[in-house]
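J.: next input, structure requested:
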Amino acid sequence: MSEQSFIYVCNKLRPALERQHSTFRQCVSLKKRVAIALWKLATGSEYRSVGHLFGVSITTVCRCVQEFCAAAETLLVPEQIRFPDEEKFREMALYIENRWGLPHCVGAIDGSHIPIIAPQHYHTDYFNRKGWHSIILQAVVDGRGQFWNVFAGLPGSLHDARVLRLSTLWELATRGNLFPAHFRTIGTATTCYYVLGDSAYPLQDWLLKPFSDTGRLTAEQQIYNQKFCSTRVVVENAFGRLKGRWRCLLKRNDCDVELVKSMVLTCCALHNLCESHGETYETVLDEPDAEAAAQPPRMAVTQEVGEGRDDVRNALMEHLMINHSFSFD
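T.: Numbering: from 1, shown residues only. Have a look, this model is predicted:
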């Protein structure tokens, strides 16, 4: 993070974090409080190590992190992770179509596990399929890899489709309020905006997924899956950059679950801030989430029958066959 971005964060959170000196003691300065919290989020170091580095007590480090995340949730997250308006949706769709050739697509959705220590209560609920305890971060990103919707805190044992159905994103889609009423005809189908998800998600009018590889896919379906996966990699890369910058999300976090959730949301906002400010990123920090994009899509747990319309996928498949050439070398 550059000095310019650091000063921006300080000024943004000043109303909630700045303290006044008292008669008996001097308070920790605003810049130092922000630096302590950012260092903790960026390294995942123990409170004791951070305290030694900045010359403060463990209690002070803990308080700085808690207050910083609480202030960020109130002042920074709403600014950096905003639901797009109609003009922004058009811009996002145009960017993805120009770069990957998928018309009317406004992003990709996926989930990522954030490691935690086993909670004292209901710890089995947080034990995920990978064999460790976690909470789930569900995020939707645009073509540039910036988050425009995040939902975090549910136990790691839940399936991605279940997390989606419990999120506000699903609620908005159910009410028909997710996207503006802007339709486009693609071949024989008329579609609204949509996002891309892997095979774990249910097929919906607004959520497309690849064809399940049964070993009998047609050439057209293979082309669709190839283009689909090359576009959806943006969300995997976003998770990789998020955890590469803010490594408290990579290591097992020993904080309370509610604080971990607050840290996750804060880090997502800081990710958007760094990306929009053009901060440099060392590729050596990339994490396995980005590598997972190269793996074949997971088989769906739910059946495709009755999930949603399939005419949009078929129309996109025809569109890609007509407008693009592919090589299977």
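
J.: how about residue 109, secondary structure?
T.: strand (DSSP: H, G, I helix; E, B strand; the rest coil).

J.: tell me, how many residues neighbour it?
T.: Number of residues near residue 109 (other Cβ atoms under 10 Å) recorded here: 23. The C-beta positions use only the backbone N, C-alpha and C, and glycine is treated the same way.

J.: so in terms of bridging, what pairs with it?
T.: Using DSSP bridges, the bridge partners assigned to residue 109 are residue 140.

J.: same check, this time on the one 4 residues further on
T.: For residue 113, the beta-bridge assignment (DSSP bridges) gives partners residue 136.

J.: isn't residue 186 up against residue 314?
T.: No - here residue 186 does not reach residue 314: they are 9.8 Å apart, not a contact under Cβ atoms under 8 Å.

J.: now do residue 232, the pLDDT please.
T.: On pLDDT, residue 232 comes in at 93.

J.: then the one 5 residues further on?
T.: Per-residue pLDDT puts residue 237 at 95.

J.: tell me the buried residues in stretch 133-150?
T.: For stretch 133-150, the neighbour count (16 or more other Cβ atoms under 10 Å) marks 133-143, 145-150 as buried.

J.: ok, now stretch 226-246?
T.: Buried positions in stretch 226-246, judged by neighbour count with 16+ other Cβ under 10 Å: 227-229, 231-246.

J.: and if you look at stretch 14-28?
T.: Taking 16+ other Cβ under 10 Å as the basis for neighbour counts, the residues of stretch 14-28 that come out buried are 17, 28.

J.: now the strands for the stretch 51-200 of the chain?
T.: Secondary structure of the stretch 51-200 of the chain, counting by DSSP state E, counting those that start in this stretch: strands at 105-115, 134-141, 147-155, 184-186, 189-191, 194-196.

J.: out of those, flag the one nearest residue 274.
T.: Nearest to residue 274 among the strands of the stretch 51-200 of the chain is strand 147-155 (11.8 Å), distances taken as Cβ to Cβ.

J.: gap between that closest one and the chain center?
T.: A distance of 7 Å separates the centroid of the chain from that of strand 147-155, by Cα atoms, centre = their mean, to the nearest Å.

J.: adjust the sequence numbering to begin at 712 for everything that follows.
T.: Renumbered: residue one is now 712, and that last one reads strand 858-866.

J.: so what does that strand touch, helix or strand wise?
T.: Here strand 858-866 is seen to pack against strand 845-852, helix 879-886, helix 968-987 when contacts are counted using 3 or more Cβ pairs under 8 Å, 6 or more residues apart in numbering; DSSP states H and E.

J.: who wins for proximity to residue 909 among those?
T.: Taking Cβ to Cβ as the criterion, residue 909 comes closest to strand 845-852 out of these, the separation being 12.2 Å.

J.: quick one: average confidence on the closest one?
T.: Strand 845-852 comes out with an average pLDDT of 97.

J.: pLDDT below threshold where in this structure?
T.: Under the criterion of pLDDT under 70, the regions of the chain flagged as low confidence span 734, 995-1020, 1032-1040.

J.: centroid residue for it?
T.: residue 850 (3.3 Å; Cα atoms, centre = their mean).

J.: my read is that that one contacts residue 861, right?
T.: Yes - under the criterion of Cβ under 8 Å, residue 850 is in contact with residue 861, at a separation of 4.8 Å.

J.: mind listing the shared neighbours of those two?
T.: By Cβ atoms under 8 Å, 6 or more residues apart in numbering, residue 850 and residue 861 have these common neighbours: residue 979.

J.: which parts of this protein belong to which domain?
T.: As given by automatic domain parsing, the domain ranges for the chain are 714-791, 797-1034.

J.: max-length helix in this protein?
T.: In the chain, ranked by residue count with DSSP state H as the criterion, the top helix is helix 930-956.

J.: that one packs against which elements?
T.: Helices and strands in packing contact with helix 930-956 are listed as helix 797-811, strand 816-826, strand 845-852, strand 905-907, helix 968-987, helix 999-1002, helix 1022-1034; criterion 3+ Cβ pairs under 8 Å, 6+ apart.

J.: ok and it relative to strand 816-826, angle-wise?
T.: With axes from the mean of the first three to the mean of the last three Cα atoms, to 10 degrees as the basis, helix 930-956 and strand 816-826 are set at 50 degrees to each other.

J.: and helix 930-956 with helix 797-811, angle?
T.: 110 degrees.

J.: what strand or helix carries residue 990?
T.: Under the criterion DSSP states H and E, no helix or strand holds residue 990.

J.: go on, residue 718?
T.: Secondary structure assignment for residue 718, by DSSP H and E: helix 714-728.

J.: give me the contacts around that helix.
T.: So helix 714-728 is in contact with 712, 741-742, 744-746, 749, 778-779, 781-783, 785-787, 790, 981, 984-985, 988, 990, going by Cβ under 8 Å, 6+ apart.

J.: got the angle for that helix vs helix 968-987?
T.: On the basis of the same axes, to 10 degrees, helix 714-728 is oriented at 140 degrees to helix 968-987.
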